[in-house]
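Enquirer: kindly return the folded structure for what I paste below:
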Amino acid sequence: MAMDIHVYDTYVKAKDGHTMHFDVITNVQDLDKAIEFAKQWLATVGEEGSTVTGNECNFCHTQGAPEPVENEIKEKGFFIQKMEGCP
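Expert: Have a look, this model is predicted:
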């Protein structure tokens, strides 16, 4: 049976001013955790220090996880689905 995952729709302004749109996906429905995961990922792409609060990151929906997403969540605690403007 697939893991239930929670999707947080996130829009963050990059250092150069463009907007990065991505989903933070986790198996815990917790906004503070989602924000923490967003900041962790942003640091890995050179965007540490970007503002991420409840204004930029919002709960969207819950769904079943595809296997690759479930595996990454088991490994790292979260999955980032890049949408627009992401490196």
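Enquirer: what pLDDT does Ala2 get?
Expert: For Ala2, the pLDDT comes out at 81.
Enquirer: touching, it and Thr62? I think so.
Expert: No. Using CB atoms under 8 Å, Ala2 is not in contact with Thr62, being 11.4 Å away. From N, CA and C alone the C-beta is placed, and that goes for glycine too.
Enquirer: which residues does His18 contact?
Expert: Taking CB atoms under 8 Å, 6 or more residues apart in numbering as the criterion, His18 is in contact with Gly85.
Enquirer: so what pLDDT did it get?
Expert: 97.
Enquirer: the one 3 residues further on too?
Expert: On pLDDT, His21 comes in at 98.
Enquirer: what's the longest helix in the protein?
Expert: Using DSSP state H to define each element, the chain has its longest helix at helix 31-44.
Enquirer: buried residues in that one, which are they?
Expert: Buried residues in helix 31-44, counting neighbours by 16 or more other CB atoms under 10 Å, are found at 33-39, 41-42.
Enquirer: who's in contact with whichever helix or strand comes after that helix?
Expert: Note on helix 31-44: by DSSP states H and E, the next helix or strand toward the C-terminus is strand 57-64. Outside of strand 57-64, the residues within contact range by CB under 8 Å, 6+ apart are 2-10, 23-24, 29, 31, 34-35, 38.
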